[in-house]
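In: how does the following fold in three dimensions:
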Amino acid sequence: MSESLRVLGVETENGTQATEYLDWSETRGKYLDELIEFLRMPTVSARGDMEPMKAAADWLVRRLQSLGAQTQILESSGFPIVYGEIKGDSSRSILFYNHYDVQPPEPYEAWNSDPFEPTIRDGYLFARGSDDNKGSLMSRIHAVEAILKERGSLPVTVKFLFEGEEESGSASLPGTVQRYKDLLAADACIWENARRDDAGNPSVALGNKGMYSFEMRVRTANTDSHSGKANIYPNAIWRLIWALSSLRGSDGTILVDGFYDGVPPLSQADEELCRSTPANGEAQARKLGLTELMSGNDNLSVNRALYYTPSFNIQGISGGYTGPGHKTVIPSEAFARIECRLVGNQDPEDIAGKITRQLEKNGYSDVEIISKKAGAWPYRTAVDHPFVQLVSRAGAEVYGRPIVLMPSSPGTGPRYVFKYVPNMPIVALGVGHANSRAHAPNENIAVEDQFLTTKHVASILRHFGDADNSGDVERNK
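Out: Prediction:
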C-alpha cells in the first residue's frame, strides 16, 4: 500500500486521536454522497413492498463485497437479512447489528423537505432514516473501510448483520438468529443506535426495554343510538375508559396484579448510575413546553423512570363521531391501542395473561383483547462489563469528553434474540442527537456526528484488537 493511502493517527485541536483519512474532504464528500444515495431508498417495511427492500439489500451486499467481505442473504421468512464477514488479524470478533428499514414518513405535509430526497440545512441532514438507522449502519461500513485503508487488514474479525423488519417488530429475526447462531457468534456486539443527550453529551446505551402491545375493543350494542337515550343505553367509549382506568392509576402505578413481578430493585451500582447520569430533566421538560416531567426533573427520578420502571401507555383511542358538524350519537363500539414497556425479567407473554385476568377480575370480561401487535423481552449488558469500559474509553478519545453510559434505551429493540448467542455484551452507539426526531417528520442528524461516530467505531476496533493481546476483555465462551 502506498504511503499516500496510509491513514495516520493525528492529534486534533482538543487533543483526541482522529483518523486522517476520515478528515479528508474527499473522503467526507464521498461518504456523505453514499449515505444520501442510501437514504433515497424508500425502505418502509410497514408497506410490505418487497421491491425497494430487495434493492436495498442488494445494494448493501455489493457495498460489503467492495470491502472484501464474504456475504450471503440469510434464510428468513420476511425481508432479506444481509450478512457479511471480514476476517481479522486477531482471534477476536465483533458483530455489527443494524437495520435498513425505516418508519413510514407520513404525514408528508409536516416535512420541510421530501423525506426521501435528503437535504442538508445548516449542517444537518434531513431524511427519513438518517438517524434511525441508516446513518449508523453506514458508519460501521465506513469505519471498517478506513481501517482497511490504514493497515490493509482488520485488527479483529467483523460480522455485519443487517435486517429489514426492525421497524415492524423484527418478526423474522429470532428464527434467523437461532438458525445461524454459530455463524453470528462474536465476542461483542455494536448495536444499532444511540444519541447525544439533551446537553449534547455523546452516549452509549446498554440495553432495551421489552414490550407487549395490543388492541382492546368494547362493543356495548349492535348499533349506535340517539344520544337522547344516553341515560339508558350504554356508551362503548365510557366503558373502554373505565376499563383502562382500572388498569392504571392517575399517579402512573400499574394496577394489574403481579405486573411488577420480575422488576428487580435498584442495586447500589444502578442507583449510583442513575444519580450520576445527566438526565437533563429541565431541558427535556422545556422542550415539551412543561416546567416539570411526570417523574420530577432530578437525575435519579428521571433515569429510574426511563430505564428501570415499566410503563402502560395508551397509543390511541377511536370510536364515535369526530367529523365535521354535529352528530348526537351513543357509540356502540370503541378501540384502544396499548403498549407496555417492560424491564428486568418481565415476560410479555406473562404480562398478556395478567392483563386479561385483571380485566375479568375488575368486571370487564366483555372487553376483548383483539390483537397482540408485538412482544419483546428486556435485555441489558452490565455497566461494569469490560467491553463497556473499552467502548467508553474509545469514545472519550474521539469526542474529547466523557461518554455518558445509559443503562438502557427507553425504547424497545430485538436485542433479546441474541439469547441464542450467550455471554455476548451488546453496546449501542449512533449518529443522532436529542432532537433528531426519529420516527417523526423532519428526522435529521448533524453531519459532523456522522463522522464522529465513524471514528468512534474505528477506535473501538483498534482497541478491541489490542485487548486480544493484553487480555483486557474476557472472551465470549
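In: a helix runs through E349, doesn't it?
Out: Yes. Counting by DSSP: H, G, I helix; E, B strand; the rest coil, E349 is part of a helix.
In: what about it, neighbour count?
Out: When neighbours are counted by other CB atoms under 10 Å, E349 registers 11. For every residue, glycine as well, the C-beta is placed using N, CA and C.
In: and the nearest residue to it once chain neighbours are set aside, what element?
Out: Closest residue in space to E349, ignoring its immediate chain neighbours: G375 at 6.6 Å, by CB to CB, 6 or more residues apart in numbering. Using DSSP states H and E, G375 sits in strand 368-376.
In: ok, and what's touching that strand?
Out: By CB atoms under 8 Å, 6 or more residues apart in numbering, the residues outside strand 368-376 that reach it are 169, 208, 210-219, 337, 342, 348-349, 352, 355-356, 359, 412-414, 416.
In: just stretch 300-307 next, same as before
Out: If you take CB under 8 Å, 6+ apart as the criterion, stretch 300-307 is touched by 207, 209, 266, 271, 273-275, 277, 279, 281, 284, 293-296, 343, 406-408, 410.
In: any quick PyMOL command for the buried ones out of these?
Out: To isolate the buried members of the contacts of stretch 300-307 in PyMOL, using 16 or more other CB atoms under 10 Å:
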select buried, resi 207+209+273+274+277+279+281+284+293+295+343+406+407+408
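In: from the contacts of stretch 300-307, which land in strands?
Out: 207, 209, 406, 410 (DSSP state E).
In: hmm, which two among those are most spread apart?
Out: Greatest spatial distance among the ones in strands among the contacts of stretch 300-307 (CB to CB): K209 and M406, at 11.8 Å.
In: just to revisit the earlier point, the contacts of strand 368-376, buried ones only, as a ChimeraX selection?
Out: Applying 16+ other CB under 10 Å to the contacts of strand 368-376, the buried members can be selected in ChimeraX as follows:
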select :169,208,210,211,212,213,214,215,216,217,218,337,342,348,352,355,356,359,412,413,414,416
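In: for the stretch 101-250 of the chain, what spans make up the strands?
Out: For the stretch 101-250 of the chain, the strands defined by DSSP state E, counting those that start in this stretch occupy 119-121, 124-126, 157-163, 188-191, 203-205, 207-219, 225-226.
In: who wins for proximity to K327 among those?
Out: Closest among the strands of the stretch 101-250 of the chain, using CB to CB: strand 225-226, at 10.2 Å.
In: now the helices for this structure?
Out: For the chain, the helices defined by DSSP state H cover 20-23, 25-39, 50-66, 135-151, 173-179, 181-184, 236-245, 268-276, 281-287, 299-308, 348-361, 386-399, 447-470.
In: of all those, which one is nearest S76?
Out: Per CB to CB, nearest to S76 of the helices of the chain: helix 173-179, 5.0 Å.
In: chain center to stretch 386-396: distance?
Out: 20 Å (CA atoms, centre = their mean, to the nearest Å).
In: before we move on, what about stretch 34-48?
Out: 17 Å.
In: again, but for stretch 117-136
Out: 16 Å.
In: neighbours of the nearest residue to L452 once chain neighbours are set aside, how many?
Out: Spatial nearest neighbour of L452, excluding adjacent residues (CB to CB, 6+ apart): V398 at 6.0 Å. For V398, the neighbour count with other CB under 10 Å is 24.
In: what residue spans form the domains of the protein?
Out: Domain segmentation of the chain under automatic domain parsing yields 3-206+381-470, 210-263+310-376.
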